[in-house]
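Engineer: quick one, what's the 3D model for this:
(one chain, ligands or ions: 2)
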Amino acid sequence: MPTNIENICCIGAGYVGGPTCAIIASKDLDISVTVVDLSQPRIDEWNSSRLPIYEPGLQDIVEAARDGSGLNPVTLHFSTDVKGAIHRADLIFISVITPTKTVGVGAGQAADIKYVEAAAREIAEVATSDKIVVEKSTVPCGTAEILRDIFDAVGDPQVRFEVLSNPEFLAEGTAIADLLSPDRVLVGSEGTPSALEAASALADVYSSWVPRERIITLNIWSSELAKLSANCMLAQRISSINSLSAICEATGADIQEVSHSVGLDKRIGPNFLKASIGFGGSCFKKDVLKLVYMAETLHLPEVAAYWKAVVDIKNGKRTALAGTTVDGKRIAILGLAYKKNTGDTRESPAIDFMGSMLAEKATLAIYDPKVSYNKIIHELGELFGHEAVARYVKPCENAYSACRGASTVVIMTEWDEFKTDRLTLPPALDLGDLTASRLTTPTVKRADSVSSGIPSSQSEDRSSCDDDGLLSPGTPPTNTNSPAPELINQAQALFDSYGPKRLDWARISTLMRRPRLVFDGRNVVDASKLRSLGFLVQSIGKKSEGVLRR
Ligand code: UDX
Ligand code: UDX
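Structural biologist: Ligands and ions are numbered 1, 2, ... in the order given. Predicted structure coming up:
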C-alpha cells in the first residue's frame, strides 16, 4: 500500500472535488493532484479564467496551483483523461454525485450510488499498482463494502485496494475557510493493518495544514454515518426553527427573538437557527432521505418517521408562501441561489416557489448576483417548460430592473446586498465629519444614493448593465444643500470600502407598483424601515399586518 502519497486523482470536478483538490494542491507542493471529470466543458472551464463554480477565494487558489506561482510548481491539473489519472495515482478520491433514486426500489428516498460504483469499477479495471480509494461523496452506510466487492470481483488479484471514508464537511460559500480550517477531518478505515497504513497516508496529506488532533481516525461505518448524521442534524435544526416560525406567524411572537434567546443557551448554541423559507442545496434533503430509507430498511419505522418530518416541514413552509394570488402580476424574485455566496441553485427553495407562481401565470423578474442569465433560463426551462419560461421569466441584470413595475418582491436568498442594515452612513462617515485630509482619491462609479443616505447595491461587475438611471461619476447631486460632489463621491468610496453594498430600498419603492409587498423569506430586511418607505412587509416567523393578514 502506498505510504507516501505523490500522486492524487479526484474523480468528479464539482463543488466538492474542485475546491478540495485546489486546497490540497496548494498546501502539499510535492503532491501532483489531477481532478478528472466526464464532462469536457466542465474541465475546460476549470482550465480557463472563468471557473465553473463561484466560490469566494477559489479563483486565486486554483490559478496559483494550476498555473504555478513564483517559485511554487504546478501541482493542480484538470483533465478528462480518467484512466490515465487513475493509472498514475497512489490515492483516488471519488467525488461524484449520489442523487436520490427516481425509479425502482427506494425511489424518492434511497441514494443512487451508480456513479460511485462506476468510478470504482473503472479504478478496478485500470489499476496496475496498489491504490487507496477514498469515498468523498456522501454515501449510504455500507457503501465501502460494495466498493470492496467491486475491487475483489473486477480488480487484478495482484493489485491491492484499500477503501477509506473521508467525507467532506465544506459548505458552499465558505468552502475555502472550511477546507483550510476544518472542525475535523474524518478518516474511516476497516481497521486492518493495511487499512490503517492507508489511513495514515491520507492523514499525512491533511497534516500539511490541519492540526493532527483534528484528524480523527475511526471505523469506516462510523465515518460514513457521521457524515450523514451531521447533515441530518443541521437540517433538523433548521426545520425545528422553521416549525417554530410558523407558530410565531400565527401568534405574534418574533422568530428572531425566539432563536436568539434559545441560542444563548450554551447547550444549544446560536448556529443554524436562522428561520428561512426552507433549506436548500444538494445535500440536506438528499441526505435526510438517505437516513429515512436506511431506517425503513432496518425496520425502524419510528426513526424513519422522525427524520421524514424534517423534510416535510421544509416542504410545508414553501406551500404557505405560495398562497398569494399572483395571476398576471409581475413578481420580483431577489435571489435564486440556495444560499448567499454561491451560484448553486440545486434544491433552492426559490425553485419550487417559482413553479407555483408560474402555474398561476405570474411574470417572474429574477435577479441573483451570481446566477447567470443562461443558467436561469436553462434550469427553469428544463423544470417548468421552455415555452412557459420564455414567456413568463425575465432574468434581470440588477435588483432595480427586476423590481420595476412589480407589485411584489420576494427575497429568496440572503445576499448581503438585499439587507437594510446600512440605511444610514455610519457615524464615522458622517459627511459633516469628513475633512479633505481624511479623504483619498475618489474611485467610485456611483454617487446616486449618498444624498439619501442609502448606499447603492450595484455589484461592480454588473454596474455597466444598469438600465435604471444610476448617476454617472461626477454627476452633481440634485439637492443644492448637499456637500460638494467630490466629497460625496469620496464619502461613498469610504462607505463602500467598509463592506458589501446594499440595495437602495427607497429607490425600489419608487419603481414598484402598489401595494408594494415585500415577502422576506430570509429575514434580511428591517420590516419597520421598509414600512416607513411605504412597503407592506411579510417576514418569515413574524405576524403579518394589514392586508397581508390572511
Ligand atoms: C457531489 C455529491 O452531490 C455529494 O454528495 C458528494 O459529497 C460530493 O459530490 P458536488 O461536488 O457538489 O457533490 O457535485 P457536482 O458539482 O455535481 O459534481 C460532481 C461531478 O462529477 C460533476 O462534474 C460530474 O460531471 C462528475 N461525474 C459524475 C463524473 O465525473 N463521473 C460520473 O460518473 C458522474
Ligand atoms: C451543508 C453542510 O453545512 C456541509 O457541512 C456539508 O458538507 C454539505 O451540506 P451547504 O448545503 O453547502 O452545506 O450549506 P449550508 O450552509 O449548510 O446551508 C444549507 C441550507 O440551509 C441553505 O439553503 C441555507 O440557507 C439554509 N440555512 C442554513 C437556513 O435556512 N438556516 C440556517 O440557520 C442555516
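Engineer: okay, CA-based contacts and neighbour counts for the rest of this
Structural biologist: OK.
Engineer: please name the nearest non-neighbouring residue to L179.
Structural biologist: For L179, ignoring the flanking residues on the chain, the nearest one in space by Cα to Cα, 6 or more residues apart in numbering is L170 at 6.3 Å.
Engineer: check the gap between that neighbour and ligand 2 for me.
Structural biologist: 4 Å (Cα to the nearest ligand atom, to the nearest Å).
Engineer: try F384
Structural biologist: Between F384 and ligand 2 the computed distance is 21 Å (Cα to the nearest ligand atom).
Engineer: report how many residues lie close to the residue lying closest to that residue once chain neighbours are set aside.
Structural biologist: The spatially closest residue to F384, leaving aside those adjacent along the chain, is G355, at 6.8 Å (Cα to Cα, 6+ apart). Counted with other Cα atoms under 10 Å, the neighbours of G355 add up to 15.
Engineer: and G263, how far is that from T251?
Structural biologist: Distance, G263 to T251, by Cα to Cα, to the nearest Å: 21 Å.
Engineer: who has more neighbours out of these two?
Structural biologist: Between G263 and T251, counting by other Cα under 10 Å, G263 is the more crowded of the two (16 against 13).
Engineer: so which helix or strand takes in the nearest residue to the more buried one once chain neighbours are set aside?
Structural biologist: Closest residue to G263 apart from its sequence neighbours, by Cα to Cα, 6+ apart: P270 at 4.0 Å. Using DSSP states H and E, P270 is not contained in any helix or strand.
Engineer: relative to ligand 1, how far out is P270?
Structural biologist: Distance from P270 to ligand 1, by Cα to the nearest ligand atom: 26 Å.
Engineer: please report the distance of that residue from I241.
Structural biologist: According to Cα to Cα, P270 stands 11 Å off from I241.
Engineer: kindly report the same for A388.
Structural biologist: Distance, A388 to I241, using Cα to Cα: 35 Å.
Engineer: next: A506.
Structural biologist: Using Cα to Cα, A506 is found at 31 Å from I241.
Engineer: S95 too?
Structural biologist: 31 Å.
Engineer: looking at the two, which is more packed in?
Structural biologist: Higher neighbour count among S95 and I241: S95, with 29 against 21, using other Cα under 10 Å.
Engineer: and the gap between the more buried one and ligand 2?
Structural biologist: S95 sits 12 Å away from ligand 2, going by Cα to the nearest ligand atom.
Engineer: that residue contacts Y15, correct?
Structural biologist: No - between S95 and Y15 there is no contact under Cα atoms under 8 Å: 9.3 Å.
Engineer: let me know the pLDDT of K543.
Structural biologist: Per-residue confidence (pLDDT) for K543: 88.
Engineer: swap in R318?
Structural biologist: pLDDT for R318: 52.
Engineer: cool, R330 as well?
Structural biologist: On pLDDT, R330 comes in at 95.
Engineer: try T324
Structural biologist: 66.
Engineer: again, but for T75
Structural biologist: At T75, pLDDT is 97.
Engineer: not counting sequence-adjacent ones, nearest residue to it?
Structural biologist: S32 (4.8 Å).
Engineer: what bridges to that neighbour?
Structural biologist: On the basis of DSSP bridges, S32 is bridged to N7.
Engineer: give me the distance between it and ligand 1.
Structural biologist: Per Cα to the nearest ligand atom, S32 is found 19 Å from ligand 1.
Engineer: how many neighbouring residues does that residue have?
Structural biologist: 22.
Engineer: I figured it was touching R66, is that so?
Structural biologist: No - using Cα under 8 Å as the test, S32 is too far from R66 to be in contact (10.3 Å).
Engineer: mutual contacts of the two, please.
Structural biologist: Shared contacts of S32 and R66, defined by Cα atoms under 8 Å, 6 or more residues apart in numbering, comprise T75, L76, H77.
Engineer: which single one of the residues you listed is nearest to ligand 2?
Structural biologist: Set against ligand 2, the nearest of the shared contacts of S32 and R66 by Cα to the nearest ligand atom is L76 (22.3 Å).
Engineer: which residues does the closest one bridge with?
Structural biologist: Assigned bridge partners for L76, using DSSP bridges, are V33.
Engineer: count the neighbours of it for me.
Structural biologist: For L76, using other Cα under 10 Å, the count is 26.
Engineer: how about S372?
Structural biologist: Neighbour tally, S372, other Cα under 10 Å: 15.
Engineer: go on, G328?
Structural biologist: Count around G328 with other Cα under 10 Å applied: 12.
Engineer: does it count as helix, strand or coil?
Structural biologist: Recorded secondary structure, G328: coil (DSSP: H, G, I helix; E, B strand; the rest coil).
Engineer: what's near enough to touch it?
Structural biologist: Applying Cα under 8 Å, 6+ apart, the residues near G328 are E360, K361, A362, T363.
Engineer: in a helix, that's where A65 is, yeah?
Structural biologist: Yes - counting by three-state DSSP, A65 falls inside a helix.
Engineer: my guess is it contacts L76. True?
Structural biologist: Yes - in this structure A65 lies within contact range of L76 using Cα under 8 Å: 5.3 Å.
Engineer: which residues do the two both contact?
Structural biologist: With Cα under 8 Å, 6+ apart as the test, A65 and L76 both reach A22, A25.
Engineer: which elements pack onto the helix or strand E379 falls within?
Structural biologist: Secondary structure assigned from DSSP H and E places E379 in helix 373-384. Counting by 3 or more Cα pairs under 8 Å, 6 or more residues apart in numbering; DSSP states H and E, the packing neighbours recorded for helix 373-384 are helix 386-392, strand 393-395.
Engineer: quick check: buried residues in it?
Structural biologist: Neighbour-count burial for helix 373-384, counted by 16 or more other Cα atoms under 10 Å, picks out I376, I377, E379, L380, G381, F384.
Engineer: what does stretch 99-109 give?
Structural biologist: Of the residues in stretch 99-109, P99, T100, K101, G106, G108, Q109 count as buried by neighbour count, 16+ other Cα under 10 Å.
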